[in-house]
Every structure is written in structure tokens, then in C-alpha cells.
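Asks: need a 3D model of the sequence below.
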Amino acid sequence: MLQSKFKISLLALAMGFFLTGCGLDGDDGAIGETGSQGPQGDPGADGGDGEDGQDGQDGQDGEDASTGVVLSLVARASLGAQGSADSVQYHKETKTIYATNSSNNSIALITAGSITSTELTNPTSSINMGVSSINLPATAGTVALGSVTSIAISNNLLAVAVPAATSTDNGFILFYNGLDNSAPAFLDSVEVGAMPKSIAFSPDGGKLVVANEGAPNGDYSIDPEGSLSVIDILANDEPEETAEMVTFASLNGTEADLAAQGMHFPNPNGMTINGNVITTTVAQDLEPEFVSATNKKAYITLQENNGLAILDLEDLSVEVMGLGSKSWSGLNFDGQANAAVSFDKYEGLNGVYMPDAVANYEWKGATFLVTANEGQAREYYFDVADEAACTAANGQAYDAVKGCLAYSDKVSLGELSAEAGSALETLQMDGRLNDLSVTSVLGDADGNDEYESAYSYGARSFTIWDQNGLVVFDSGEELERITASVHGAQFNNAEAVNEGDASSASKGPEPDAITVGTIGDRTYAFIGSETMGGIFVYDVTNPFDAFFADYVINRDLTEGSTVNDVIGDLAPESIIFVNAEDSATDEALIVVGNQISGSVSVYQVTPN
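Replies: Purely as a prediction, here's the structure:
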């Protein structure tokens, strides 16, 4: 900063002293009295005009500051079936979107090279991208295959996760090459663990990480271990023929310690179901859900267990950490399906994070994770002849469509036996939350079968975590408050039919899908709400100062309409970010796979 220094000259008035008798040899004379002031002189002539100063140079124009982003829907495609588009990927060289289609066990190829920046005029029904498909094989070797669950792309290699037809058997990863010619060709299959659920390549393409859920069969008579698989990818995009397996067997016997750290273990251990005494280990109970990878580590959500696994990709060591819960006592919460916005704060009510999707990004050289905290109860059914057979098999309940319920930890808050004088007793006396879905496994701290508090499924938020598993930022109540402000009583809608407030007594907005992307010098998180169908955008550049940036939804909310009424994009299950340099519009994109509507939507993300 420049400083200007000014010198001010002051005209001093001289006072004359008249000295009398001032001889050299004589004494000084006395000082006389001061004379009166003389008359003021005439003013002097005006000075001449000074020279004009030189004009200063114009400053350079400043760059426009980015104050956020604007999302606009520019493209859609339909796979023609509900329950598809669970997983989407993007091949940048050919500008092709790949999407799973579990309805016919195929992979859809969607041409995205002619997308423009023009917004769709009839967004809930417009289709402007062509779709072709490749059918997946029915077997891998001699093993019959089930339906595709996830895909991943690196360079010109496509990986496809497919469980075995008998889900408790080991599944497979199918590899395809030739993507650069828009003609994927089957390359090889590699056996992995039971029920491969999510897959991700490391950014350098050197490894594929597989989260094998390992869920039990309907009556818990077979319960494979959850596991992780790592497949090395050679320099020529050739996968190794054998996957390296990582198990959680070393954690067996540590359930109490892990629960104390914030993990969750709902299971029927010790119960007799359909004639079998159930014995469940920690390794069997852990069910890896979703994976996100860097070149050094992979981060895997353990959704039903409310945990996170961190896999070192160099030595294949793994650690797990519990994520704990959040209190709703200081936040607005709507737990009533009463066709109205009914926010209040409740002592004794907590939310268990239970994240589904996870993504990662860096700040200050450190890795941070973002999670979509959906929540998930366990419910397993098996076939029986009738209700009497279900009762005889020691089932918890009978449903004419689903069959006999072997085990579930989900109950209504009003069903819990409250300890006298507890916060839960107060909640039950209030009555407004008695229909809220909560877990029966948490809330009884002293183990006397009486509950002091209640724990609902999910945190109705997205969270930023540091590498120590500590919360850096949580969106708190914001997702629910934003949709209530925008949609009124239509918020917390059902995922397949327009029924406002229908999910308030369950998991609320149910954040499910999440990804991150960088535009300029800002990093954004994009979060999909499964029940509402909308996409939230947050600026997460500084994880300690994250803030809301935008919200979009492509859904006609006319009450009573169903998925068959063409009401738009329903239940975003996966989101990917496409950089501007890889996009046909020269602007960044997000691609959203919408499970219930079976549609793929593309939003342009433009700096504001």
C-alpha cells in the first residue's frame, strides 16, 4: 500500500522587540510597552493558474468472480424400464454414456456427442439421446449369472459387476474393451466375492476395487462374509486373471468394541429361524456397499453397519471405523406423514448416518470424503406356504407378497418399551413421532430391554469427513428445509408416486447418490435425493466452510400421479461429473441415473 506524505508550511508571525538605550557600554534600557497592531496591508495580486495534472492510466478490468453454479437440463434418455440406470459412467473419447439395465441384464450405450447447451422445453418427457445396448452373458464359465449391479470405466476398459444367480455364491467382474470404437467387446471375466455391489477404478487405472456385499439369503441359513476384491490392471488394459481378496475375518470377536466406536450390528444372532440356529460373525455381518478410490486408498461404506472401511491399495491392509450418530434435539425434523410441513426439535431422537454413496476430493493435500446419508434397515424374507408356516418357522411377520420375515431391526418409535422418566417416554407421550421408523438395536444403553432414546435411519443429510473419520461438515436439516420451502407439503415425496410428505416418517429426503467435481477453482458436491428426485449442489471447496449453491428437480408433482404418468426423473441412484473439456457443450456436466423412472438425465453446470 502506498502512503502519501504531505508537508504543511506555517507562516510564523514575528514579534518586534524595540530595544532602547542599547549602547555598547551602557546598561540595557527598560523594555517599552508593545505598540498597537498596524493596519492590515492590501492583499497581494492573484497567483497564475497552475498547469493541469496528467490523466491517470485506466486500471485493468477485473475478472468476474464466481458466485456459484447454475444447473440446466440439456439432455435425457430412457431405458424403457423401471429399476434400471442404477449405475452410470461416461467414456470421454467417444462422448458416450454407459448405464446398467437390470431389467434385461444389459448395458445401455447412450450417445451424448450432440448435446447442446439448449435447455429441454418439455423436461419431464423430452428424449434427445439415442440408446443402443449390449447384452451380458448368462454365465461366467459354468456359473449362472444374476443381474448387473454396477459399472466402471477407465481408458477404453469397461468393468461390469454381476452377482451369481445364487446371490450367496461368488460373483464376477466382466471386462470389455473396444470402447474407443463404440463397440465394446467381451474380454474376460474375473471371479470376486459374493454379491459384488459397487466397483471403482483407481484414477490411474491401475486397480479395480470391488465391494462385495455378501448379504445372507432369505432365512439366514447361508450368510457369506462381506469382502473386498482388488484386480490389478496391466499397462495394456488387460486385467489380471485372479483377484486379490481382502476379508474382515480379523475383526471377528470385536463386535462390542466396534459398536462402542459407533458401528451398528443388527442381526438375528442366537435366534432360531426356519429350523436353523443363527450364528453371525463380524465378517459375515459387514456388508460393503459403495466404493470410491484414490491411487493409494479405497474408501468403502458399510451402510447397514454405519461404518467406513479404508483399504490401503499397496499392502491391502484394511481398517474400519464407526460413524456414530447425530442428535436431532437442536435441528428441525419432520417425522410425521401428515401431508403437511411439521418441523420441530425433539430431545431423545437421533439419526444414524448409514451412508450409501461416497466420493473423495483433496484440500490442502489431504483427502476428504463426502457421503450421502441414506439410512438402511435390514429386512430378509423367505418363501413359505402360508402364515401358519411362517409362525412355525419362527418368522417375525407374514406378508402375502413378500413371504415370511426372517429378521428386521425396523420398528415404529411407539413400539419401543420406554424407560420411566426417559426422553423416549416423553416422545411417546407427545405422540407425534410414534409412527417414525427406528431401529430396535440402539437406544437401550443399559441392556435392560427398556429404551432411553430412539435412533432413526439415516441422517437426512450429506457429510464431509476427514481422514480420521471426524465430521468436518454436515448439512444438518438443510436438505429437508430446502425442499419444504420450495415444494411445501409436496416435500419428502414418495419415490414412485406423488404423495407429499409420505417419507417423513421413514427416511425423509433419503440422500442416496453423490459425486464431486471442480469448475475453475471451486469444488462442488452434487447430492441426489432418492425419494424427492431432486439434486442439491453444495460448494465444498473449503470443507470447513461448505455452503448450499443450487437445487434442481425434474418432476411433475401433481398429487396422485405415478411413474406411469410420465412425471419426470425419479430416484437418482448414481451421479457422475464430466469435465468441461470432455463435454460436447464445452461446459461441465453431471449425468444422473434415475432408478425408478429408468431415465438418464444430463445437466449442464455453468459458473454463475
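
Asks: give me the contact list for the helix ranked longest in the chain.
Replies: With secondary structure taken from DSSP state H, the chain has its longest helix at helix 478-487. The contact list for helix 478-487 (Cβ atoms under 8 Å, 6 or more residues apart in numbering) reads 332-334, 341, 343, 460-462, 491-493, 500, 508-509, 511, 527, 529, 532, 534, 536, 548, 551, 553, 557. For the C-beta atoms, the positions are set from N, CA and C on the backbone; glycine is no exception.

Asks: pull the distance from that helix to the chain's centre.
Replies: With Cα atoms, centre = their mean, to the nearest Å as the basis, the distance from the averaged C-alpha position of helix 478-487 to the chain average is 17 Å.

Asks: check which residues of it are buried.
Replies: Of all the residues in helix 478-487, those buried under the rule 16 or more other Cβ atoms under 10 Å are 478-484, 487.

Asks: follow-up on the earlier one: give me the buried entries from the contacts of helix 478-487.
Replies: Of all these considered here, the ones buried according to neighbour count by 16+ other Cβ under 10 Å are 332-334, 341, 460-462, 491-493, 500, 508-509, 511, 527, 529, 532, 534, 536, 551, 553, 557.

Asks: for the closest residue to Gly533 other than its chain neighbours, list the residues it contacts.
Replies: By the measure of Cβ to Cβ, 6 or more residues apart in numbering, the closest residue to Gly533 outside its immediate chain neighbours is Arg555, 4.7 Å from it. Residues touching Arg555, when contacts are defined by Cβ under 8 Å, 6+ apart, comprise 124, 493, 532-534, 567-570.

Asks: for the stretch 351-500 of the chain, what spans make up the helices?
Replies: Under the criterion DSSP state H, counting those that start in this stretch, the stretch 351-500 of the chain carries helices at the ranges 387-392, 423-430, 478-487.

Asks: can you redo those as CSV with mean pLDDT and distance to Gly253?
Replies: Shown next, in CSV, are the helices of the stretch 351-500 of the chain (pLDDT from 0 to 100; distance: least, Cβ to Cβ, whole Å):
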stretch, mean pLDDT, distance to Gly253
helix 387-392, 98, 33
helix 423-430, 98, 31
helix 478-487, 98, 38
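
Asks: distance to Asp232 added to those helices, as JSON lines?
Replies: Below are the helices of the stretch 351-500 of the chain laid out as JSON lines (distance: least, Cβ to Cβ, whole Å):
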{"stretch": "helix 387-392", "distance to Asp232": "47"}
{"stretch": "helix 423-430", "distance to Asp232": "51"}
{"stretch": "helix 478-487", "distance to Asp232": "39"}
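
Asks: for those helices, which one sits closest to Gln595?
Replies: For the helices of the stretch 351-500 of the chain, proximity to Gln595 was assessed by Cβ to Cβ; helix 478-487 is nearest, at 18.8 Å.

Asks: send me the closest one as PDB with only the CA atoms.
Replies: Taking only C-alpha atoms (Å, rounded to 0.1, in the frame of the first residue of the first chain), the coordinates of helix 478-487 have been written out as PDB:
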ATOM      1  CA  GLU A 478     -30.900 -28.100   5.200                       C
ATOM      2  CA  LEU A 479     -32.000 -30.700   2.600                       C
ATOM      3  CA  GLU A 480     -35.400 -31.200   4.200                       C
ATOM      4  CA  ARG A 481     -35.800 -27.400   4.900                       C
ATOM      5  CA  ILE A 482     -34.900 -26.500   1.300                       C
ATOM      6  CA  THR A 483     -37.400 -28.900  -0.300                       C
ATOM      7  CA  ALA A 484     -40.100 -27.900   2.200                       C
ATOM      8  CA  SER A 485     -39.500 -24.200   1.300                       C
ATOM      9  CA  VAL A 486     -39.700 -25.000  -2.400                       C
ATOM     10  CA  HIS A 487     -42.400 -27.600  -2.600                       C
END
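
Asks: could you point out the helix or strand that follows it?
Replies: Next along the chain after helix 478-487, taking DSSP states H and E as the criterion, comes strand 511-519.

Asks: could you list the low-pLDDT ranges of this protein?
Replies: Confidence mapping of the chain against pLDDT under 70 gives the ranges 1-67.

Asks: rewinding a little: so which of the buried residues of helix 478-487 is the closest to Ala159?
Replies: Distance to Ala159, by Cβ to Cβ, is smallest for Leu479 among those, at 31.7 Å.

Asks: distance of that closest one from Leu369?
Replies: 18 Å (Cβ to Cβ, to the nearest Å).

Asks: ditto for Val540
Replies: Per Cβ to Cβ, Val540 is found 11 Å from Leu369.

Asks: shared neighbours, those two?
Replies: With Cβ under 8 Å, 6+ apart applied, the overlap between the contact sets of Val540 and Leu369 consists of Ile464.

Asks: okay, strands next: where are they in the stretch 1-150 of the chain?
Replies: Using DSSP state E, counting those that start in this stretch, the strands of the stretch 1-150 of the chain run over residues 69-78, 88-91, 96-101, 106-111, 131-135, 139-140, 143-144, 150-154.

Asks: ignore what I typed, I meant the stretch 501-608 of the chain.
Replies: Applying DSSP E, counting those that start in this stretch to the stretch 501-608 of the chain gives strands spanning 511-519, 522-529, 535-539, 547-552, 572-578, 588-594, 599-607.

Asks: can you lay out the ones you listed as TSV showing distance to Asp232?
Replies: Conversion of these to TSV gives the following (distance: least, Cβ to Cβ, whole Å):
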stretch	distance to Asp232
strand 511-519	25
strand 522-529	30
strand 535-539	35
strand 547-552	39
strand 572-578	24
strand 588-594	28
strand 599-607	31
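
Asks: Asn170 is nearest to which of those strands?
Replies: Closest to Asn170 of the strands of the stretch 501-608 of the chain is strand 572-578 (Cβ to Cβ; 24.2 Å).

Asks: name every strand pairing with the closest one and say which way it goes.
Replies: strand 588-594 (antiparallel) (DSSP bridges).
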